[in-house]
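J.: I would like to see how this sequence folds:
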Amino acid sequence: MKTLQRKNMPLNEKPLNKMSAKYLLFTLILAVFLLGAATANADVIKLRPDHPDRYVVAKGDTLWDISAHFLESPWHWPEVWSYNPQIKNPHLIYPGDVVLLEYDAQGRPVLRVSRGKPTVKISPKIRAKRVDTPIATIPLTAIQQFLGQPRILSERDIRNSAYVISSKDARLMSGTGDKIFARGLIPGEDPNSRYAVLRIGKTYRNQNAARGDILGYEAIHVAEAKVEDFGDPSTLRVVQSNRETLAGDRLLPVKASGLDRTFIPHPSEIPIEGQIISVIDGVSRIGQYQTVVINKGKQDGMETGHVLAVFQKGAIIRDNFSKNRGEHVTLPDLRAGIVLVFRTFDQVSYALVMEAYTDMRVYDMVRNP
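T.: Below is the predicted model of the structure:
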């Protein structure tokens, strides 16, 4: 029996079977999805109207600063970064490197680093010069005081920590060079072990939280002391002091900060809904390069480098012009700034204000940008 040829179908073509049709449909859906994703990405990546085509990295620059020269949203840096095969780690950028703005085959912006001989200008102006230290992501001077010592403690941390019981001659206060005595130190291998002297400060809670709902305790860095003799009590000498050491102050081992200078800013992959619950130094209004405490931590998925937008809750006003005269209307939330998380704890995190469009306040909301 002969197979009937479908009308107008070339002789060398065969009718699609069910599997071929499904494959064609899947391919079409995938293409539409990828096109939509590319379009969405193009909408997100926006260049500054006054962007340069090249920028020579100078000493003191940060990754955020350089990104802000080119992009309206500096945290999108990784999405436009061109990975140069000849550079082992393209995120390590040095003074003297040249950042170039280019475009790929689809017309999307791409940032590339030209690395080679340092740029030298024969003039009395400042010269770009290569050094061995890569630039940092954010200004480290703004967060240095929060890196070396533990700054937020849990109830368990406090309960298990050593504490100062007295000083030489039973003085009420001790400073640099004075001897102090402490209980609870565990003898270590290093006879010159150093400890941070900490004073327990404010209690961190969520807004309107119950009295027992504690996220952590502020640990104010008071001094640094070196062990001279372990025992019960142990003898230490204060080697550096920010304020006077008092009986009852806590002692915890000094640790290196462990901060990666070149971590890459990036939005969280999961939805974040939190609040600023405190600002360091207790100011009422928050501006650029101030450190804030956010009520989200490691257990909430927070990571070093996460970028969050700050929003002020929209005011509730009375509408005297509607049909229902006097009804209350909530205005849209106002975007107030951008913060970058640089240190995380179990339930809270430290974040640095990178951009401030208006004054921010404690209990302003933070969420994905």
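J.: Name the SS class of Ile264, please.
T.: With DSSP: H, G, I helix; E, B strand; the rest coil as the basis, Ile264 sits in coil.
J.: looking at it, it is touching Pro78, isn't it?
T.: Yes. Taking contacts as C-beta atoms under 8 Å, Ile264 lies within contact range of Pro78: 5.3 Å. Every C-beta, even on glycine, is put in place using the N, C-alpha and C of the backbone.
J.: So what are the structural domains in this protein, by residue number?
T.: 54-135, 149-253, 273-367 (automatic domain parsing).
J.: right, so of these, which gets closest to Leu47?
T.: domain 54-135 (5.8 Å; C-beta to C-beta).
J.: What's the biggest strand in this protein, counting residues?
T.: strand 216-229 (DSSP state E).
J.: What is that one packed up against?
T.: For strand 216-229, the contact count by 3 or more C-beta pairs under 8 Å, 6 or more residues apart in numbering; DSSP states H and E identifies strand 152-153, strand 194-204, strand 234-241, strand 250-253 as packing neighbours.
J.: Can I get those strands in a markdown table including distance to Pro271, mean pLDDT and mean neighbour count?
T.: Shown next, in a markdown table, are these (distance: least, C-beta to C-beta, whole Å; pLDDT from 0 to 100; neighbours: other C-beta atoms under 10 Å):
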| stretch | distance to Pro271 | mean pLDDT | mean neighbour count |
| --- | --- | --- | --- |
| strand 152-153 | 24 | 90 | 22 |
| strand 194-204 | 22 | 91 | 19 |
| strand 234-241 | 43 | 92 | 18 |
| strand 250-253 | 34 | 91 | 20 |
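J.: Distance to Ser167 for these - can I get that in JSON lines?
T.: Output for the helices and strands packed on strand 216-229, formatted as JSON lines (distance: least, C-beta to C-beta, whole Å):
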{"stretch": "strand 152-153", "distance to Ser167": "23"}
{"stretch": "strand 194-204", "distance to Ser167": "11"}
{"stretch": "strand 234-241", "distance to Ser167": "9"}
{"stretch": "strand 250-253", "distance to Ser167": "13"}
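J.: so Ile45 makes contact with Pro109?
T.: Yes. With contacts counted by C-beta under 8 Å, Ile45 reaches Pro109, the gap being 6.3 Å.
J.: quick one: common contacting residues for the two?
T.: Val80 (C-beta atoms under 8 Å, 6 or more residues apart in numbering).
J.: more crowded one of those two?
T.: Between Ile45 and Pro109, Pro109 has the larger neighbour count (other C-beta atoms under 10 Å), namely 19 against 14.
J.: any idea how far the residue nearest to the more buried one when sequence neighbours are not counted lies from Asn368?
T.: Leaving aside its sequence neighbours, Pro109 sits nearest to Val80 (C-beta to C-beta, 6 or more residues apart in numbering; 5.2 Å). Separation of Val80 from Asn368 (C-beta to C-beta, to the nearest Å) stands at 19 Å.
J.: Which one of the two is surrounded by more residues?
T.: Val80 (20 against 14).
J.: measure stretch 349-368 end to end?
T.: Taking C-alpha to C-alpha, to the nearest Å, stretch 349-368 runs 15 Å from one end to the other.
J.: From the chain's centroid, how far away is it?
T.: Centroid separation for stretch 349-368 versus its chain: 12 Å, with C-alpha atoms, centre = their mean, to the nearest Å.
J.: helices and strands of this protein: which one has the lowest mean pLDDT?
T.: Lowest by mean pLDDT, DSSP states H and E among the helices and strands of the chain is helix 18-44, with a mean of 44.
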